[in-house]
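Peer 1: for reference, the sequence and a predicted model appear below.
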Amino acid sequence: STLEDPPSISEGPGGRVTDYRIPDLAHLMRTHRLAPWPGPSTGETIKPNARAKQMLDRATKVFPTTLSSTTIFQMPVVAPMISLLQGDTLTEEGVAECQKIIYSLISMETKGETLPGPLAGTSTGKKGGRKDEQFRLMFTELEKFALCHSTHSVGHY
């Protein structure tokens, strides 16, 4: 029903979700706050409300609402790649930075480091297979994110 209380943020009993990404949602709202429009400028091809909608669509195309449903949004090493991919254009320098991040993730995998977040407690029953499964899920999530943002500019390929 529409009068039902939204899920609680502080209470856990009763199956309520307690791990919402509130700081990330607050950042999203601050980043996409609308401001007064001074009027059309020369060379403007898209109206501000359409541009704002495009930017919000792009930022929320892949936006897990809970911490337990994502790994890449909890990894500081991936944060620059996320912001680069969400941008309007991706330059050659940006592509090189994304490649460096991917290589560092592969290096983390070969070193056997554990991932932060929900996958850290995931166990497949095999001692060596657990980390492999964590990284497979993380790379799958990263690939999904990259594919959703691959149509913004030529550099996004």
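Peer 2: Okay, I see it.

Peer 1: and the helices in this protein, which stretches?
Peer 2: Ranges of helices in the chain, per DSSP state H, are 22-31, 48-60, 79-86, 92-111, 129-148.

Peer 1: same list (those) but as JSON lines, adding distance to S68 and mean pLDDT.
Peer 2: In short, each C-beta sits where N, CA and C put it, glycine included. Shown next, in JSON lines, are the helices of the chain (distance: least, C-beta to C-beta, whole Å; pLDDT from 0 to 100):
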{"stretch": "helix 22-31", "distance to S68": "14", "mean pLDDT": "88"}
{"stretch": "helix 48-60", "distance to S68": "19", "mean pLDDT": "85"}
{"stretch": "helix 79-86", "distance to S68": "18", "mean pLDDT": "90"}
{"stretch": "helix 92-111", "distance to S68": "20", "mean pLDDT": "93"}
{"stretch": "helix 129-148", "distance to S68": "13", "mean pLDDT": "87"}
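
Peer 1: pLDDT score for the residue with the largest distance to the centre of the chain?
Peer 2: Largest separation from the mean C-alpha position in the chain: T42, at 34.3 Å (C-alpha atoms, centre = their mean). Note on T42: pLDDT of 72.

Peer 1: now it: how far from A50?
Peer 2: Going from T42 to A50 by C-beta to C-beta, to the nearest Å gives 18 Å.

Peer 1: picking that back up, closest to T71 out of the helices of the chain?
Peer 2: Nearest of the helices of the chain to T71, taken as C-beta to C-beta: helix 129-148 at 4.6 Å.

Peer 1: can you name every helix or strand that that closest one contacts?
Peer 2: helix 79-86, helix 92-111 (3 or more C-beta pairs under 8 Å, 6 or more residues apart in numbering; DSSP states H and E).

Peer 1: repeat that with 6 Å
Peer 2: Taking 3 or more C-beta pairs under 6 Å, 6 or more residues apart in numbering; DSSP states H and E as contact, there are no helices or strands that helix 129-148 lies on.

Peer 1: thanks a lot, see you next time.
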